[in-house]
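K.L.:
got a sequence here, can you build the structure:
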Amino acid sequence: MRLANVSDKTLVFLASSPVWKARLLQATQTLESAADAAGLPGRALLVKVSPAAWALPAPAPSGKPLSEAARASLRATAQSIADPDLRAQLLRLASKG
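P.N.:
Take a look at the predicted model:
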């Protein structure tokens with residue numbers, strides 16, 4: 001959910017589902033008080049459900065497997081990294097073929 005607009009003294013929120021719309025409407029008084037405290041001129045609350053606005057993009061295709069040269073470069077880079085978590089991630093990436 002997010003504040004999408006303040007228009008004609010109306011706070012317009014976008015919600016990802018009807019459940020979130022209901023929760024926002026239950027919190028109308030709290031949201032209006034917060035708007036007043038923030039200096040927003042909102043006096044009414046409008047909540048629109050917009051699932052498309054929250055849809056995650058499809059994951060990118062994994063592409064070609066890494067070449068042996070790329071995997072060797074990742075392993076060499078990992079050995080020069082002091083951070084153990086980053087080193088582990090690079091080694092994990094290098095192990096995928």
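K.L.:
what's in contact with stretch 39-51?
P.N.:
For stretch 39-51, the surrounding residues in contact (C-beta atoms under 8 Å, 6 or more residues apart in numbering) are 4, 6, 9-18, 20-21, 24-25, 28, 31-32, 35-36. For glycine as for every other residue, the C-beta is placed from the backbone atoms N, C-alpha and C.
K.L.:
which of those are buried, as a PyMOL select command?
P.N.:
Restricted to buried positions by 16 or more other C-beta atoms under 10 Å, the PyMOL selection for those reads:
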select buried, resi 4+11+12+13+14+15+16+20+21+24+31+32+35
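K.L.:
could you say which helix or strand contains Leu31?
P.N.:
Assigned by DSSP states H and E, Leu31 falls within helix 28-38.
K.L.:
who are the packing partners of that helix?
P.N.:
Here helix 28-38 touches strand 10-15, strand 44-49, going by 3 or more C-beta pairs under 8 Å, 6 or more residues apart in numbering; DSSP states H and E.
K.L.:
which one of these lies closest to Leu66?
P.N.:
strand 10-15 (39.9 Å; C-beta to C-beta).
K.L.:
what lies in contact with that closest one?
P.N.:
Residues beyond strand 10-15 that count as contacts (C-beta under 8 Å, 6+ apart) turn out to be 1-6, 21, 23-24, 31-32, 35, 40, 42-50, 53.
K.L.:
how much does it deviate in direction from helix 28-38?
P.N.:
Angle, strand 10-15 to helix 28-38, by axes from the mean of the first three to the mean of the last three C-alpha atoms, to 10 degrees: 120 degrees.
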